[in-house]
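>>> Sequence and predicted model, in that order:
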Amino acid sequence: MEYLVPIMIIAGVSLAGEILAHIISFPIPAAVYALVIMFALLCLKIIKLEWVEKVSMAMISVMLIVFIPPTVSFMEIAANMRGQLPAMILLLALTAVLVMGFTGLVAQITVRAEEKRIKKKRYIRIAKCRREGGGK
């Protein structure tokens with residue numbers, strides 16, 4: 001029973017993602033819709049993290065098994081793709097550089113915003129202290 005409710009919650013959110021993907025008919029995988037739904041439910045505290053955390057961690061620990069069949073399938077068609085290998089390597093390298101650059105940019109923006117927020121908070125505290133006569 002300890003695992004049944006969390007599994008049902010995760011399955012229900014996954015089903016909601018599938019239904020949403022079918023209704024919207026936009027080329028976004030149902031799993032992405034399910035992740036967004038789960039994120040929203042967790043942020044809104046409709047679902048508590050403690051309810052699904054244990055089962056989620058167990059699912060993540062066995063996630064590698066899910067990637068074995070696609071890897072085997074890729075190895076079967078690799079012979080047909082030999083002529084396209086240089087283009088694929090170039091594309092993979094380019095996308096890796098773009099992802100790293102974009103991630104770095106987002107990290108810089110986030111850090112600067114946080115530093116600005118901290119400075120503003122500190123300035124407000126100093127101004128309040130001076131108004132109350134503590135800064136003389």
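Now that the structure is in, tell me what you want to look at.

>>> how about low-confidence regions in this protein?
Residues of the chain meeting the criterion pLDDT under 70: 1, 134-136.

>>> all helices of it, in order?
Per DSSP state H, the chain carries helices over the ranges 4-24, 30-43, 49-61, 63-66, 68-77, 85-131.

>>> Could you export those helices as JSON lines, including mean neighbour count?
In this view, the C-beta of every residue, glycine as well, is placed from N, C-alpha and C. Output for the helices of the chain, formatted as JSON lines (neighbours: other C-beta atoms under 10 Å):
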{"stretch": "helix 4-24", "mean neighbour count": "15"}
{"stretch": "helix 30-43", "mean neighbour count": "15"}
{"stretch": "helix 49-61", "mean neighbour count": "12"}
{"stretch": "helix 63-66", "mean neighbour count": "8"}
{"stretch": "helix 68-77", "mean neighbour count": "9"}
{"stretch": "helix 85-131", "mean neighbour count": "10"}
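
>>> Now the residue nearest the centre of the chain: closest residue in space, sequence neighbours ignored.
Note on the chain: the residue nearest the mean C-alpha position is residue 35, at 7.9 Å, using C-alpha atoms, centre = their mean. Distances taken as C-beta to C-beta, 6 or more residues apart in numbering place residue 17 nearest to residue 35, at 7.5 Å, with adjacent residues excluded.

>>> so the one you found sits right up against residue 28, yeah?
No - counting by C-beta atoms under 8 Å, residue 17 stays clear of residue 28, with 9.7 Å between them.

>>> measure residue 123 to residue 95 for me?
Distance, residue 123 to residue 95, using C-beta to C-beta, to the nearest Å: 42 Å.

>>> what does residue 69 give?
Taking C-beta to C-beta, one finds residue 69 at 23 Å from residue 95.

>>> Just to check, residue 55 is in contact with residue 4?
No - shown here, residue 55 and residue 4 do not form a contact pair, counting by C-beta under 8 Å, at 9.4 Å.
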